[in-house]
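**Student:** no FASTA, just this:
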DNA sequence: CGGATTGTTGAGATGCCTCAAGTAACGTGG
DNA sequence: CCACGTTACTTGAGGCATCTCAACAATCCG
């Protein structure tokens, strides 16, 4: 995520780096906001741009040794486990700017599978190298602690006992907020995942997701066409989701 | 958590420190396993032993600024939020050796209340100081990353969609494993929390918790008397809990 | 001993799931 | 470009796990 043209091994044909990086979880750490130049340069050298991955490709597999975290540059990613009886449990989705792999530090192995839902590009960071750099760069260390802490809170959100409506509203608003924070539309977006994946993630049946979406549409809250979503009444969605999002 | 009598501000009447500290999440970091002596000495100086707190006392309140984490030395602690309609959502319980406050780093405020369920003593660590020390002590930094990562996984566990039986079995085995790992009985222990708290935590009704426990007892899985629990058939409990615990 | 809290038990209600069928979009090969 | 099979999604009907409500029992505590 360099501010200036890459000075290490970065692919030179990566013209859109500023765009990508301005939305990334590390963008603060990557910018020269008072960090010493040497450390910043090292972070530039640390990043590997990998991909593209096509829909369905595995980025990581459960049980695989952990040695790097990865920030999503483009595309959408799904993390999931498969239980003894073969059923998926979706743990989460990752949008551009979000970081994959924090749940793999403890145990030194990935506790879940991670697949691309569409065309995905990643920034890969060796975790030992990043930790070493963080030891010398207090801003980076602080950012890592914050991101890890944020993941704890995210995981706790969906653990609450909420109705199908509350879950669905919170799910949709999650996308809205993510995109809004990055300069995209808060009202219109495309879901990269199937109804089945959404249902698995929200701990609902796929049929329930269908029904709730239809009802939301009948009530004028949203407009859905296939995977295209438009949020028509953000206020009412917020009030539905408030017990989940608490903010 | 000094190995030798405290050399800083530690209360001198704290005769049982070795005992406490050997079960603590920081015990590795606190022991002189190749860490330089200076750093170890600093960690000793960093810790404040606080308490005792009595049952019902608040250790932290939601919204309170975050500036320290705390390891439980003795007693049991409950973390919870209160939603708009006044209902509690229990986020977790902390037993001796576990660390409170990792979910407060992001946001710089406690996202939940934390109360003592019985008589509680804590080791308090200023987080900025600990982060600074971690920057100079790679083992401590690694341990902090591991503990944060572990909390992500813990939070994800209860988020799965599991039956009342599976949740209850996993809940009981959680205590069993915690105590076993620390040299206490894996089969007999006392629950410090009420049925209502357990139910809130497991996202069940209190009545359901009662009924599941009775059925477990009828089936010879456990023996319960009030808050005293004895696990009679660990194997069957494990197999009930396996989809939750996945390990 | 009496009131308050905590836990237990039963009966009925309900939100979501399961099963089953049908419809719409998609990709593929002809 | 169309017929076809496949996958994704929708819709309805019925069932079940868990919740809610209500009463009661046991324990704690002043």
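**Tutor:** Now that the structure is in, tell me what you want to look at. As the structure is a prediction and not an experimental result, all values here were calculated from the model.
**Student:** The residue lying closest to residue A:103 once chain neighbours are set aside: which element?
**Tutor:** Excluding the flanking residues, the one nearest residue A:103 by CB to CB, 6 or more residues apart in numbering or on different chains is residue B:152, at 4.5 Å. (Each C-beta comes from the backbone N, C-alpha and C, glycine too.) Applying DSSP states H and E as the criterion places residue B:152 in helix B:138-157.
**Student:** in terms of contact, does the residue nearest to residue A:103 touch residue A:148 like I think?
**Tutor:** Yes: between residue B:152 and residue A:148 there is a contact under CB atoms under 8 Å: 7.0 Å.
**Student:** which residues are common contacts for these two?
**Tutor:** residue A:102 (CB atoms under 8 Å, 6 or more residues apart in numbering or on different chains).
**Student:** mind listing the helices for chain A?
**Tutor:** All helices of chain A, identified by DSSP state H, fall at A:17-22, A:27-30, A:37-46, A:127-136, A:138-159, A:164-181, A:195-202, A:206-218, A:234-245.
**Student:** give the contact list for the residue nearest the centre of chain A.
**Tutor:** Of all residues in chain A, the one closest to the mean position by CA atoms, centre = their mean is residue A:94, 2.3 Å from it. Contact analysis of residue A:94 by CB under 8 Å, 6+ apart lists A:72, A:76-79, A:100.
**Student:** so which residue of chain A comes closest to DNA strand D?
**Tutor:** Nearest residue of chain A to DNA strand D, counting by CB to the nearest atom of the strand: residue A:194, 3.0 Å away.
**Student:** Pull the number of nearby residues for that residue.
**Tutor:** For residue A:194, the neighbour count with other CB atoms under 10 Å in any protein chain shown is 14.
**Student:** Please report the distance of it from residue A:76.
**Tutor:** Remark: distance between residue A:194 and residue A:76 (CB to CB, to the nearest Å) = 12 Å.
**Student:** interface residues of chain A facing DNA strand C?
**Tutor:** Residues of chain A lying near DNA strand C by CB under 7 Å from any atom of the strand: A:163-165, A:203-205, A:207-208, A:226.
**Student:** Turn these into a markdown table, columns for neighbour count and pLDDT.
**Tutor:** Listed next are those as a markdown table, based on neighbours: other CB atoms under 10 Å in any protein chain shown; pLDDT from 0 to 100:
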| residue | neighbour count | pLDDT |
| --- | --- | --- |
| A:163 | 13 | 96 |
| A:164 | 17 | 97 |
| A:165 | 16 | 97 |
| A:203 | 19 | 96 |
| A:204 | 21 | 97 |
| A:205 | 15 | 97 |
| A:207 | 10 | 97 |
| A:208 | 17 | 98 |
| A:226 | 7 | 90 |
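**Student:** Tabulate the residues you listed (a markdown table), appending distance to chain B.
**Tutor:** A markdown table is the format used below for the residues of chain A next to DNA strand C (distance: CB to the nearest CB, whole Å):
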| residue | distance to chain B |
| --- | --- |
| A:163 | 12 |
| A:164 | 12 |
| A:165 | 15 |
| A:203 | 4 |
| A:204 | 8 |
| A:205 | 10 |
| A:207 | 15 |
| A:208 | 12 |
| A:226 | 26 |
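**Student:** which ones are touching the nearest residue to residue A:213 once chain neighbours are set aside?
**Tutor:** Spatial nearest neighbour of residue A:213, excluding adjacent residues (CB to CB, 6+ apart): residue A:224 at 5.3 Å. By CB under 8 Å, 6+ apart, residue A:224 lies in contact with A:213, A:216-217, A:230.
**Student:** Show me how to select, in PyMOL, the buried members of these.
**Tutor:** Buried subset of those, written as a PyMOL selection, criterion 16 or more other CB atoms under 10 Å in any protein chain shown:
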select buried, chain A and resi 213+216+217
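**Student:** near DNA strand D, which of the contacts of residue A:224 show up?
**Tutor:** Filtering the contacts of residue A:224 for neighbours of DNA strand D using CB under 7 Å from any atom of the strand leaves residue A:213.
**Student:** Chain B: which of the contacts of residue A:224 is nearest?
**Tutor:** Among the contacts of residue A:224, residue A:213 lies closest to chain B (CB to the nearest CB), at 19.2 Å.
**Student:** for that closest one, what are its contacts?
**Tutor:** Here residue A:213 is in contact with A:168, A:222, A:224 (CB under 8 Å, 6+ apart).
**Student:** any idea which of the residues you listed is closest to DNA strand C?
**Tutor:** Using CB to the nearest atom of the strand, these come closest to DNA strand C at residue A:168, 9.6 Å.
**Student:** Next, work out how far apart that closest one and chain B are.
**Tutor:** Relative to chain B, residue A:168 is positioned 15 Å away (CB to the nearest CB, to the nearest Å).
**Student:** show me where pLDDT drops low in chain A?
**Tutor:** A:1-24, A:27-40, A:247 (pLDDT under 70).
**Student:** can you rerun that using 80?
**Tutor:** In the predicted model of chain A, residues A:1-44, A:51, A:247 satisfy pLDDT under 80.
**Student:** what does it put close to DNA strand D?
**Tutor:** Within reach of DNA strand D by CB under 7 Å from any atom of the strand, chain A has these residues: A:161, A:194-196, A:206-207, A:209-211, A:213-214, A:224, A:226-227.
**Student:** go again using 10 Å as the cut-off
**Tutor:** Contacts of chain A with DNA strand D, taken as CB under 10 Å from any atom of the strand, map to A:55-56, A:161, A:163, A:191-199, A:205-215, A:217-218, A:224-227.
**Student:** Surely residue A:150 and residue B:102 touch.
**Tutor:** No: the criterion here is CB under 8 Å, and residue A:150 misses it with residue B:102 at 10.7 Å.
**Student:** Tell me which of those two has more neighbours.
**Tutor:** Shown here are residue A:150 and residue B:102; by other CB under 10 Å, residue B:102 has more neighbours (22 against 19).
**Student:** how much space is there between the more buried one and chain A?
**Tutor:** For residue B:102, the distance to chain A equals 6 Å [CB to the nearest CB].
**Student:** domain parsing for chain A?
**Tutor:** A:17-159, A:164-245 (automatic domain parsing).
**Student:** quick one: terminal-to-terminal distance for stretch A:65-84?
**Tutor:** From its first residue to its last, stretch A:65-84 covers 21 Å (CA to CA, to the nearest Å).
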